Structure formats: C-alpha cells, structure tokens
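*Asks:* Please find the sequence and the predicted model below.
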Amino acid sequence: MRSLKEIHKALVDIFKYHEDGPPEAVLNDLLLHVKERANVELDSQLTFNYHYASTRVLKLDRDRLMASGIVMQMYHIGGREVCPPFFIKDGLSDETINALLDDIQYSYDRSVEFKPTTKRKEIK
C-alpha cells in the first residue's frame, strides 16, 4: 500500500511528463490507493479490533515462534513509514508482549471513554 507521500510524488511526476495531464487509469489507481489507506486507518480504530489484536499478540511469543520470527512494519496515520520493515527472530519477548497488551488496553479504554448518557427522561 502506498503512502500519501508516494502518491503525491507519483502525481507530480505524472504532471511533469504529461502536458495534457495524467492518464485516467493512473489517476484511478492512485485514488484507489488513497481510499484503501483511509479504510485501513479507519478500520484499525474500531473498538472490537482491540480484542482480536490482544488475542493474536499473545501468540507471538518465543515458545511458538522459535526458529521463525515476525516482520514488523509501522506507519503513522497518513501512511508515513516510521521505520523500514525489520525481522524479529524467534518471536517477541514476554516483556514486549506485555507492553503491547498494555498499549492495546490503553487504546481500548480511550476508544470507549465517551459513552452514551445515563440520564433518562422522567416518565409522567
């Protein structure tokens, strides 16, 4: 998935080399990437995802991933890459898993902070 910065660069390059503007297919492709990025960012903030994330993070320990590993890739909202993808051998340490679970819990708590009002109208 392209970042917004990559999409912007592609648009600048297209306008630089095409006097009449970019071909319609190229614009549609770039628009699709922008929509996909927005959907991923919005879907990742849904409250129920914290449950699934926490149960899956528990499965990334060294007992289950010995002689294997995981590839980590992180992005800011908007698609800017935090760091290039990197490989963690033999899975995550228990300390890392607990830290991730703490952050997931914090994010969940923040997402349910604003609840519907408990006030009710008095029935006459």
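*Replies:* Cool, the structure landed.
*Asks:* List the contacts of the closest residue to L65 other than its chain neighbours.
*Replies:* The spatially closest residue to L65, leaving aside those adjacent along the chain, is G91, at 3.1 Å (CB to CB, 6 or more residues apart in numbering). (Glycine included, C-beta is placed from N, CA and C.) Contacts for G91 (CB atoms under 8 Å, 6 or more residues apart in numbering) come out as L60, D61, R62, D63, R64, L65, M66, S68, G69, I70.
*Asks:* Just the closest of the residues you listed to I7, please.
*Replies:* Closest approach between these and I7, by CB to CB: I70, at 27.6 Å.
*Asks:* roughly how far apart are the closest one and N98?
*Replies:* Distance, I70 to N98, by CB to CB, to the nearest Å: 16 Å.
*Asks:* So what are the structural domains in this structure, by residue number?
*Replies:* With domains defined by automatic domain parsing, the chain comprises 1-44, 46-112.
*Asks:* Run the chain-centre distance for the longest one.
*Replies:* Put plainly, it is domain 46-112. A distance of 11 Å separates the C-alpha centroid of domain 46-112 from that of its chain, computed with CA atoms, centre = their mean, to the nearest Å.
*Asks:* what's the first-to-last distance across it?
*Replies:* In domain 46-112, first residue to last residue: 10 Å (CA to CA, to the nearest Å).
*Asks:* Mind pulling the model confidence for S3?
*Replies:* Reported pLDDT at S3 in the predicted model: 68.
*Asks:* What is the burial count for L92?
*Replies:* 22 (other CB atoms under 10 Å).
*Asks:* For it, give me its contacts.
*Replies:* Residues counted as contacts of L92 (CB under 8 Å, 6+ apart) are V57, L60, D61, R62, L65, I70, L100.
*Asks:* P85 now?
*Replies:* V71, M72, Q73.
*Asks:* Need these in TSV (columns: distance to L46 and secondary structure).
*Replies:* Output for the contacts of P85, formatted as TSV (distance: CB to CB, whole Å; DSSP: H, G, I helix; E, B strand; the rest coil):
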residue	distance to L46	secondary structure
V71	24	strand
M72	22	strand
Q73	20	strand
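*Asks:* Of those, which is the most crowded?
*Replies:* Counting neighbours by other CB under 10 Å, the top entry in those is M72, with 13 neighbours.
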